[in-house]
Each structure stands twice: as C-alpha cells, then as structure tokens.
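J.: next one to model:
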Amino acid sequence: MKILIVEDEQKMADYLFKGLSEQGCTVDLAANGIDGQHLAIEHEYDVIVLDVMLPGLDGFSVLRALRAIKQTPVIMLTARDSVEDRIKGLHDGADDYLIKPFSFLELLARLQALTRRGRVQEPAQLRIGDLQIDLLSRKATRGSQRIDLTAKEFALLAIMARRQGEILSKTAIAELVWDMNFDSNTNVVEVAIKRLRAKIDAPFPEKLLHTIRGMGYVLELRNHAAAEAAGHIDDSV
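T.: From the prediction side, this is the model:
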C-alpha cells in the first residue's frame, strides 16, 4: 500500500510511519492541512490517514477539497469522541473513522479493508508454479516450505507476482517498491533481486525469477533452458 498520513502530532506521525513501513507500506507524511491537501490531490495513494485537527486547514476542509477531485479512500482520526464530528466527516466523504488513542492493529486492519474495497477483482492469493503468495497474511510458500521474507522482499515479490510474465525494469521496480526515482549508480534493485532469488529460487530446481538482459526482471514459470539458449536470460545477476 502507498499511504499518506496527514498528522501534526510528531510522535503519532513517527509511530504510524514506523509501523506501516515495517508492514511493507510506502508512507508519505504531511504535518499540516495545506501540505496534506497538496499531496492528496497531486499524488496517487491507496488510502489516506487524515487527522481532523490540523494547522493551516482542518481535516474536514482537506477532505472536501479532495472529494471534489478524486475518491481516494480516507480514514479520519480525531481525539474528540464527538458523534457530530463523526457524522460530519462521513457526510463530507470519509470512508472510516478512528478515535484517538487507538490500536495500531485495528488501524492496520481498517486500512487493509479499505484498500480491498478498491481492489475487488484482485485475489487474496497469487500462484506461480508451486510458489503461493498470500497477500492478506503476507506469507509465501513453495510447495510445503515456508519462505521467510522481509517487508521489502515481500513487497517486491507481491508486485512482481501481480505482474507475472511482465518484464519490469530497474526503474519501475525502484519506483513501485521504494517510491524512489532510480539512480543508475544505486544497486538497491540488484541487491534486492539477488536476496529474493536466494530465498524463492536457489533451494528449488524450478526457477521463477529471471533476469532479462538489457530489460529488467520477470517472475514467471517458463522453459528456462530454451529461453537461455535463445540468449534472453542471464540469471546470474
């Protein structure tokens, strides 16, 4: 998930950033309503976490401006247990509401529920050969063997699995997984691919993650020997 958090309380913002990043999410932060509105309108997010009480513009104003343009899912946060505030937020277009203090696990579950609504056609599990990826429990297995992945490794695998058979360039992977403009001097993608391949391919005879020389990487079940003979694959990197 790519998430925008609009929260002026620094400790709360840092807490959410750390927790969601550990779950493999890409997170942007805004500390006031003006910056939050700009980011929400100018960029694409899977979901927005929007505080009600903000400097510059309050959360209701940000929400109304956003809803005039797009329908990004929004969960609002408030320290005030006011029925009127919740009704106002829902009337203005909020998709969900949480009252501070709240459980991080509850927030995470609500965020996942909101993003699933926008991805009704996406299956909860993906399969390539004997590799199975559970997007909800964030688990990967080959055959009966569980594969232990870091948050970023799982995010990389999930992105490639959603696009199985599609060659993804280093630039595309860097933007999709790390939300960064790719620097050709940075080997972050090569390192990540190497580590992922060591876990999902090295222990198994059938290889799924392939390097396409001069183009990028692809996750698919294929006749590796025939493709290698044709000069398209170099899975050494």
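J.: report how many residues lie close to the closest residue in space to residue 156 that isn't next to it in sequence.
T.: Closest residue in space to residue 156, ignoring its immediate chain neighbours: residue 177 at 5.1 Å, by Cβ to Cβ, 6 or more residues apart in numbering. (Each C-beta comes from the backbone N, C-alpha and C, glycine too.) Neighbours of residue 177 under the rule other Cβ atoms under 10 Å: 22.
J.: before we move on, what about residue 43?
T.: The number of residues packed near residue 43 is 12, by other Cβ under 10 Å.
J.: enumerate every residue touching it.
T.: Residues counted as contacts of residue 43 (Cβ atoms under 8 Å, 6 or more residues apart in numbering) are 4, 28.
J.: going forward, the N-terminal residue is numbered 175.
T.: Happy to do that; since the first residue is 175 now, the last one works out to residue 217.
J.: any idea how far residue 200 is from it?
T.: Using Cβ to Cβ, to the nearest Å, residue 217 is found at 11 Å from residue 200.
J.: same deal with residue 341?
T.: To residue 200, residue 341 is 22 Å away according to Cβ to Cβ.
J.: count of neighbours near residue 392?
T.: For residue 392, the count of nearby residues is 20 (other Cβ under 10 Å).
J.: what's the answer for residue 302, then?
T.: Residue 302 is flanked by 20 other residues according to other Cβ under 10 Å.
J.: so where's the chain uncertain?
T.: 254-256, 291-297, 353-360, 397-411 (pLDDT under 70).
J.: what ranges do the helices span in it?
T.: Counting by DSSP state H, the segments of the chain that form helices are 184-196, 207-216, 233-241, 257-266, 278-291, 325-336, 344-352, 362-374, 398-403.
J.: to residue 391, which of these lies closest?
T.: Distance to residue 391, taken as Cβ to Cβ, is lowest for helix 362-374 among these, at 5.8 Å.
J.: quick check: angle from that closest one to helix 325-336?
T.: 80 degrees (axes from the mean of the first three to the mean of the last three Cα atoms, to 10 degrees).
J.: show me what counts as buried in helix 362-374.
T.: Under the neighbour-count criterion of 16 or more other Cβ atoms under 10 Å, helix 362-374 has 362, 363, 366, 367, 370, 371, 373, 374 buried.
J.: okay, which residue is most central for the protein?
T.: Centroid check for the chain by Cα atoms, centre = their mean gives residue 175 as the closest residue, at 2.5 Å.
J.: since that was my last question, I'll sign off now.
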